[in-house]
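# turn this into a structure:
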Amino acid sequence: MFGTVILCYFCAREFFDPSCSSVYVIDVMLNLGLLKKVLVFFAAVPAVTLYCQDQNSGFIRSIVVRSGIRNYTRSSFLACAVSGFVSLFSGLVIFFGIVSVFCPVKSYEAGGIYDGIAQSVPVLYTLIELSIFSFYCTMWTMVGFALSSVIPNKYVALGSPLIFGYLLEELTDKFPTYLNLYRLSHCSDVFAKSAATDYLYTIGLFLMVIVFSGVMFSYFAGRRNRNEMV
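Predicted coordinates:
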């Protein structure tokens, strides 16, 4: 969380200007390509290697004996997802509060379906933007967590969110907006009917990938545990 705040400060401090809106500063910051990749890594750090540590140390055997593999996989999945989202989202919100000390919160012309919210309730717009971005980073964290059940290596767990995030952003670059991961992560219009519809669709899509990753993790971790118990 604090790492997120510090990183965002060094990346966005050049945009600090009393004449600018803090909403604008956050918007520009989230569009910095390198920062986006590092924040995906920051979301993965808290718990993405949890399974690797338990598996490679052999500690997982004593846990499974006491709680069962199903309870272990569920609790590990939730711990990774929640810690990834909370650490990133809370860090970004704290940074937004810091920016607002130097740059006032003013209406902002965001364009697109969220423009009305950005001009009438700019704080809400920023929270929407930060929550979408945090869910996006958490999605890649869970992909890495799922892959760690196939290859229980901490470097695979930490590196795969960055690799898959980059590759699939490039792969979906020419797709329609509702499947374009880059545009979805930056609050682009999806159906252009209402902000609520677009927001719920975007979050729903990211959650669907997160849940699928959880199912994948549960399957491979369970199969590995059964093979080792034989």
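# which residues of the protein fall in helices?
2-12, 22-30, 33-44, 50-57, 59-67, 69-102, 115-120, 122-150, 154-171, 181-185, 195-229 (DSSP state H).
# which helices and strands does the third one pack with?
Which is helix 33-44. helix 2-12, helix 69-102, helix 122-150, helix 154-171 (3 or more Cβ pairs under 8 Å, 6 or more residues apart in numbering; DSSP states H and E). From N, CA and C alone the C-beta is placed, and that goes for glycine too.
# now swap in the second one and tell me
Here helix 22-30 is seen to pack against helix 2-12, helix 69-102, helix 122-150 when contacts are counted using 3+ Cβ pairs under 8 Å, 6+ apart.
# quick one: contacts for the residue lying closest to N31 once chain neighbours are set aside?
Nearest non-adjacent residue to N31, counting by Cβ to Cβ, 6 or more residues apart in numbering: H186, 6.6 Å away. By Cβ atoms under 8 Å, 6 or more residues apart in numbering, the residues touching H186 are L30, N31, F133.
# and which of those residues is nearest I98?
Among the contacts of H186, L30 lies closest to I98 (Cβ to Cβ), at 15.5 Å.
# surely that closest one meets F133?
Yes. Between L30 and F133 there is a contact under Cβ atoms under 8 Å: 5.7 Å.
# quick one: buried residues of the worst-scoring helix or strand of the chain on mean pLDDT?
The helix or strand of the chain with the poorest confidence is helix 2-12; it has a mean of 72 (mean pLDDT, DSSP states H and E). For helix 2-12, a neighbour-count test (16 or more other Cβ atoms under 10 Å) marks T4, V5, L7, C8, C11, A12 as buried.
# ok, now which ones touch the most centrally placed residue in the chain?
For the chain, the residue nearest the mean C-alpha position is C137 (1.9 Å; Cα atoms, centre = their mean). Neighbouring residues of C137 by Cβ under 8 Å, 6+ apart: L39, V40, F42, A43, G84, L88, P161.
# neighbour-wise, which of the residues you listed leads?
A43 (33 neighbours; other Cβ atoms under 10 Å).
# flag every buried residue along stretch 104-115.
Of all the residues in stretch 104-115, those buried under the rule 16+ other Cβ under 10 Å are V105, Y108, A110, I113, Y114, D115.
# tabulate the helices and strands packed on helix 22-30 (a markdown table), appending distance to Y182.
As requested, the helices and strands packed on helix 22-30 are exported to a markdown table (distance: least, Cβ to Cβ, whole Å):
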| stretch | distance to Y182 |
| --- | --- |
| helix 2-12 | 19 |
| helix 69-102 | 18 |
| helix 122-150 | 10 |
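# and the pLDDT at the residue lying closest to A157 once chain neighbours are set aside?
Distances taken as Cβ to Cβ, 6+ apart place S148 nearest to A157, at 3.9 Å, with adjacent residues excluded. Per-residue confidence (pLDDT) for S148: 86.
# how deep is S148 tucked in, by neighbour count?
If you count neighbours by other Cβ under 10 Å, S148 ends up with 27.
# one more: I69?
A total of 19 residues lie near I69 under the criterion other Cβ under 10 Å.
# how near is it to A79?
Distance of I69 to A79, given as Cβ to Cβ, to the nearest Å: 15 Å.
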